[in-house]
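A.B. asks: Sharing a model prediction with you, sequence too.
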Amino acid sequence: MNLPSADDFIDIHNHGAKSINGVFSVEVLMAHEEREPEDLPGITYTFGIHPWYLDENNHNHLISKVIKTAGNELVAGIGEAGFDRIKGPSTELQRKTFEEQVCISEELKKPLVIHCVRAWDELLREHKKLKPKMPWLVHGFRGKPDLALQLIAKGMYLSFWFDFILRPESTVLIKSLPADKIFLESDGSGVDIRDIYNKVSADLNLSVDEFKTIIFSNFKQFFKVNP
């Protein structure tokens, strides 16, 4: 996998990332897309099945693609996988596919990136049931501090919804969480990850460089990168 430097701004979850000097992006590839990892400067990848694009007819094909692609050395993690109670197939198919991707994550020793919408009870049940050794990252989080701390207590990392985290009301959440369990993302929105760093580092009364050091350390922990 490609790796960031300590000076990089790390965008932990992006779609359509481009090589930008000083920015390191984790590009999310989804199995229903006709895209493969490319060795590009400043970019590494996750690969998985998003619940929005899953159905009974394509399940076997998509899982086969994940199995085939996940072992690629440019793929650093599995996902985004997960649960969505607003959009997607039956809960049972989502659960089956999620568990299959957790199994791939564990076998390859690559962490899991999670999409979760209004299904926190399901996610927590799966974590209790499966007892993963690899870390999980919930992307796009914009919930309450109590829920965030509950997820972190299970060893999960959180990355925040780009629009929410730039609002003043997100400051309460940011200040309530351990900094060694958080990441920042643009989610392909076009928002500059550097603007998000500036806002969150100010929330934490840190310089941007100090905050970069924390996120770089979190990256190494999450992706099991040797120091």
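C.D. replies: Done, it's in.

A.B. asks: CA atoms for contacts and neighbours, from now on please.
C.D. replies: Fine.

A.B. asks: quick one: which helix or strand includes residue 128?
C.D. replies: Using DSSP states H and E, residue 128 maps to helix 120-130.

A.B. asks: Can I get that helix as CSV, trimmed to CA atoms?
C.D. replies: What follows is helix 120-130 as a C-alpha-only set of coordinates in CSV (Å, rounded to 0.1, in the frame of the first residue of the first chain):
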residue,chain,number,x,y,z
TRP,A,120,-26.3,1.2,15.1
ASP,A,121,-27.9,-1.6,17.1
GLU,A,122,-27.3,-3.9,14.2
LEU,A,123,-23.7,-2.8,13.9
LEU,A,124,-23.0,-3.2,17.6
ARG,A,125,-24.6,-6.7,17.6
GLU,A,126,-22.4,-7.7,14.7
HIS,A,127,-19.3,-6.5,16.5
LYS,A,128,-20.2,-8.4,19.6
LYS,A,129,-21.0,-11.5,17.6
LEU,A,130,-18.0,-11.5,15.3
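
A.B. asks: Let me see the mean pLDDT of that helix.
C.D. replies: Averaging pLDDT along helix 120-130 gives 98.

A.B. asks: from the chain's centre, how far out does the helix or strand just after that helix sit?
C.D. replies: Following helix 120-130 in sequence order, the next helix or strand is strand 136-141 (DSSP H and E). A distance of 5 Å separates the centroid of the chain from that of strand 136-141, by Cα atoms, centre = their mean, to the nearest Å.

A.B. asks: which residues touch strand 136-141?
C.D. replies: Strand 136-141 has contacts (Cα atoms under 8 Å, 6 or more residues apart in numbering) with 13, 111-116, 155-162, 185, 187.

A.B. asks: how far off strand 136-141 does the helix or strand that that strand is followed by point, in degrees?
C.D. replies: Later in the chain than strand 136-141, the nearest helix or strand by DSSP H and E is helix 145-153. Note on geometry: by axes from the mean of the first three to the mean of the last three Cα atoms, to 10 degrees, helix 145-153 and strand 136-141 are set 160 degrees apart in direction.

A.B. asks: Which positions within helix 145-153 qualify as buried?
C.D. replies: Using 16 or more other Cα atoms under 10 Å as the test for burial, helix 145-153 gives 145, 148-149, 151-152.

A.B. asks: and if you look at stretch 215-227?
C.D. replies: 215-219, 222-223.

A.B. asks: Same question for stretch 113-122.
C.D. replies: So for stretch 113-122, counting by 16+ other Cα under 10 Å, buried means 113-116, 122.

A.B. asks: ok, now stretch 174-186?
C.D. replies: Buried positions in stretch 174-186, judged by neighbour count with 16+ other Cα under 10 Å: 174, 177, 179, 181-186.

A.B. asks: Grab the two from those that are most spread out in space.
C.D. replies: Distance extremes for those: the farthest pair is 177 and 186 at 19.9 Å, using Cα to Cα.
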